[in-house]
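S.K.: Okay, sequence plus prediction incoming.
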Amino acid sequence: MHVVTNYHVVREIGPQDLQVVFLDGGKDDDLPKREVLKGEVVGTDPFTDTAVIRVFSSGKRLVPMHPLPLGESAALEVGQSVYAIGNPFGLDHSMSKGIISGKSRTLDIGERPIQGCIQTDASINPGNSGGPLLDAAGRVIGVNTAILTASGTSAGVGLAIPVDTVKRNVELILKQGFVSRGFLGITFDAWSHSFESFVLLLFGKK
């Protein structure tokens, strides 16, 4: 079994220290069940803040697991209701509700900006990273990853990696252990200067 989360959630965790916690609230009169299983990072993609974890399980499971259905992020509309699930400030099993307040946002948190992020006003706080962003039908449409704030507090705009991007990268990670992508290796400034020189040469100017 595999679990998807953010790269920044697992990047500083040692191979022997990675654990995945499962909770089951059960019925109203039941006590919540909790199960902790060992995990192993299969592969990561820092450029989209994505990581895939393999979860090891042996014997009888205490908490039944059912994968969440995946939606599509390409057709999302501003104003749609969304739900963010996570562990904000250590408060297990938390959910917040909001709407999609913007699309195609750019998140600059590393070597390369993440394009096409989903903006939401659903509360996303420390501990929500790596949790799913769901639509009203309970389908995963994104992975919560960051909050943009001018004050340095948790009051700000939440951003999630769109599920279409996550699905594509997870497939590559499971297939080859990493995400491969091509790039030119030149900068815009270098290209513009070369082009300018070419134009001057073409018209015979010095």
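M.R.: Yep, it's here. This is a predicted model, so every value here is computed, not measured.
S.K.: Name the helix or strand for residue 73, please.
M.R.: Following DSSP states H and E, there is no helix or strand that holds residue 73.
S.K.: Listing request: residues of this structure with sub-threshold pLDDT.
M.R.: In the predicted model, the chain carries pLDDT under 70 at residues 25-31, 110-111, 150-155, 182-206.
S.K.: And the strands in it?
M.R.: Using DSSP state E, the strands of the chain run over residues 2-5, 19-24, 33-45, 50-55, 81-86, 94-107, 114-120, 132-135, 140-148, 157-162.
S.K.: possible to save the ones you listed as JSON lines with mean neighbour count?
M.R.: C-beta here means a position set from N, CA and C on the backbone, and glycine is covered the same way. Below are the strands of the chain laid out as JSON lines (neighbours: other Cβ atoms under 10 Å):
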{"stretch": "strand 2-5", "mean neighbour count": "18"}
{"stretch": "strand 19-24", "mean neighbour count": "15"}
{"stretch": "strand 33-45", "mean neighbour count": "17"}
{"stretch": "strand 50-55", "mean neighbour count": "22"}
{"stretch": "strand 81-86", "mean neighbour count": "20"}
{"stretch": "strand 94-107", "mean neighbour count": "16"}
{"stretch": "strand 114-120", "mean neighbour count": "21"}
{"stretch": "strand 132-135", "mean neighbour count": "24"}
{"stretch": "strand 140-148", "mean neighbour count": "24"}
{"stretch": "strand 157-162", "mean neighbour count": "25"}
